[in-house]
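Visitor: I would like the atomic coordinates for the input below:
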Amino acid sequence: MLDISSMIFRVPALLFAITIHEYAHALAADSMGDPTARFSGRMSMNPMVHLDPFGALMLILAGFGWAKPVPVNSNNFRDRRAGIIKVSLAGPAANLFLCFLAAFLGVINANTEAKEVVMYAKEVAMMDL
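Guide: Predicted coordinates:
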């Protein structure tokens, strides 16, 4: 699990994916009328804002991990039911988008490094499923 050559690709890809995933949740909540994530500083593309130290360590050592959950107050949504659904689906949708983007880039640049990126993108996309 701690193969240094694969970690060179894996760590930046996972940091990027975790950041996009959590930002998608925050953006969806904000667009539905809940400013909680914005007020708590979580509408950021800075990975350090979203990382849970123990979750990041587990991601590296055990191959699974987690980030800090984005704070959401569903009472602030304009349409509570639609807000909960959209916020919940925003993170996995972001993962799928990144997976397709990585696959597209892998097809364009078909070499061994791109194949590793696509493999890790698939891993990231499956994190929430």
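Visitor: any idea where the strands of the protein begin and end?
Guide: For the chain, no strands are identified by DSSP state E.
Visitor: ranges for the helices of it?
Guide: Listed from the start of the chain, the chain has helices (DSSP state H) covering 4-31, 36-39, 47-50, 53-62, 80-108, 112-125.
Visitor: would you list those in TSV and tack on distance to residue 74, mean neighbour count and mean pLDDT?
Guide: Just so you know, the C-beta spots here come from the backbone N, C-alpha and C atoms, and that holds for glycine as well. Formatted as TSV, those follow (distance: least, Cβ to Cβ, whole Å; neighbours: other Cβ atoms under 10 Å; pLDDT from 0 to 100):
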stretch	distance to residue 74	mean neighbour count	mean pLDDT
helix 4-31	9	19	87
helix 36-39	10	17	94
helix 47-50	20	17	91
helix 53-62	24	13	84
helix 80-108	5	16	89
helix 112-125	26	17	65
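Visitor: Show me the one of these that comes nearest residue 73.
Guide: For the helices of the chain, proximity to residue 73 was assessed by Cβ to Cβ; helix 36-39 is nearest, at 4.8 Å.
Visitor: Show me what that closest one is in contact with.
Guide: 25, 26, 29, 30, 43, 70, 71, 72, 73, 76 (Cβ atoms under 8 Å, 6 or more residues apart in numbering).
Visitor: quick one: the last one from residue 70, how far?
Guide: The reference is to residue 76. The gap separating residue 76 from residue 70 is 13 Å, by Cβ to Cβ, to the nearest Å.
Visitor: still on that earlier bit, closest to residue 101 among the contacts of helix 36-39?
Guide: Once Cβ to Cβ is applied, the member of the contacts of helix 36-39 that ends up nearest residue 101 is residue 25, at 18.5 Å.
Visitor: Next up, the contacts around the closest one.
Guide: 37, 69, 70, 72, 87, 90, 91.
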